[in-house]
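Enquirer: Fold the stuff below for me.
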Amino acid sequence: MSKIIGKKIVRCRTIDSTSDEARRLIKKGGGEGLVVVAGRQTRGRGKPGSAWFSPPGNLYFSAVVKPYKDPRDLAPLTLLSALAARALIVRLAKLPVVIKWPNDLRVRGKKVGGILTERLPSGHIIIGIGLNVNAPRRAFPAPLRASATSLAIEAKRKFNLARCAALLSGLLDREYREFLEKR
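Expert: Alright, predicted model coming up:
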C-alpha cells in the first residue's frame with residue numbers, strides 16, 4: 001500500500017499554528033496526506049481552552065486524514081497518533097514514554113508531548129502533535145518547569161528536527177494504514 005500521510009509536506013519556520021495552517025490549506029484544496037511542520041508556533045493549541053507553549057527547537061506537526069470509518073470517532077485516531085509519537089521517542093531517544101490518556105506523552109512523569117485531534121465539517125481530521133524535542137529547561141516558563149520536559153533534557157543530547165518530522169510522518173502513516181485495514 002502506498003504512503004498516505006506525508007504525500008505533501010509543508011514546512012514553516014514560524015507559524016501561528018500548524019493545525020490552523022492545515023485548515024487553511026484544506027480550504028484551498030489540500031486533502032488527506034497533507035502534513036504541516038513548523039519549528040515554532042505563535043498560537044499553538046492544546047486540549048480545548050488551553051494553549052500549547054511552542055518555543056523554537058521543538059516539533060510542531062499536523063497531519064490531515066479523511067478516514068472512511070466513522071469520522072466522529074476521534075479516539076482511535078488520537079490513540080494511533082500517540083502510539084506513533086511514542087514509537088518516535090523510544091526509537092530516537094531510548095526514553096521510557098507513558099501515554100496518559102487521552103492525549104499526553106510523559107517521560108519520567110513530565111509532559112514531553114501532546115496530541116490534539118480535530119474534526120472538520122468536511123470530514124477531514126487534523127491530527128496535531130507537539131513534541132518538546134530540543135527545548136532547554138530555561139525555555140519553559142517557570143510554572144511549567146516542574147511539569148514539562150524535552151527529549152534533549154532527558155536524553156542529554158540534541159536531535160535533528162527534520163529527521164524527527166520524517167520519522168514521525170512514517171510512523172503515523174504506518175499506524176493510520178493499519179487502522180484503515182482493520183474492519
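
Enquirer: Please identify the helix or strand for Gly114.
Expert: Per DSSP states H and E: Gly114 is located in strand 110-119.

Enquirer: cool, and Val35?
Expert: Using DSSP H and E, the element containing Val35 is strand 34-38.

Enquirer: Each with direction, which strands does the helix or strand following that strand pair with?
Expert: Remark: after strand 34-38, the chain's next helix or strand is strand 59-65, criterion DSSP H and E. Strand pairing for strand 59-65, using DSSP bridges, gives strand 34-38 (antiparallel), strand 125-131 (antiparallel).

Enquirer: got a list of contacts for the helix or strand following strand 59-65?
Expert: Remark: after strand 59-65, the chain's next helix or strand is helix 75-93, criterion DSSP H and E. Here helix 75-93 makes contact (CB atoms under 8 Å, 6 or more residues apart in numbering) with 65, 67, 69, 95, 97, 99, 101-103, 105, 107, 112-113, 115, 117, 125, 127, 129, 131, 151, 154-155, 159, 163-164, 167-168, 171-172, 174-176, 178-179. Heads up, the C-betas are built off the backbone N, CA and C, glycines and all.

Enquirer: Pull out the buried members of the residues you listed.
Expert: 65, 67, 97, 99, 103, 105, 107, 112-113, 115, 117, 125, 127, 129, 131, 151, 154-155, 159, 164, 167-168, 171-172, 174-176, 179 (16 or more other CB atoms under 10 Å).

Enquirer: which non-adjacent residue is nearest the residue sitting nearest the centre point of the chain?
Expert: When CA atoms, centre = their mean is applied to the chain, the residue found nearest the centroid is Ile129 (1.4 Å). Nearest residue to Ile129 in three dimensions, chain neighbours excluded: Phe61, at 4.6 Å (CB to CB, 6 or more residues apart in numbering).

Enquirer: How much space separates the one you found from Pro76?
Expert: 19 Å (CB to CB, to the nearest Å).

Enquirer: In terms of neighbours, single out the busier of those two.
Expert: The neighbour count for Phe61 versus Pro76, taken as other CB atoms under 10 Å, is higher for Phe61 (27 against 16).

Enquirer: related to what we said a few turns ago, any chance of CSV for the strands paired with strand 59-65, columns distance to Thr14 and mean pLDDT?
Expert: CSV is the format used below for the strands paired with strand 59-65 (distance: least, CB to CB, whole Å; pLDDT from 0 to 100):
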stretch, distance to Thr14, mean pLDDT
strand 34-38, 7, 97
strand 125-131, 14, 96
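
Enquirer: In TSV, list these along with distance to Ala87.
Expert: Putting the strands paired with strand 59-65 into TSV (distance: least, CB to CB, whole Å) gives the following:
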stretch	distance to Ala87
strand 34-38	17
strand 125-131	12
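
Enquirer: Since that was my last question, I'll sign off now.
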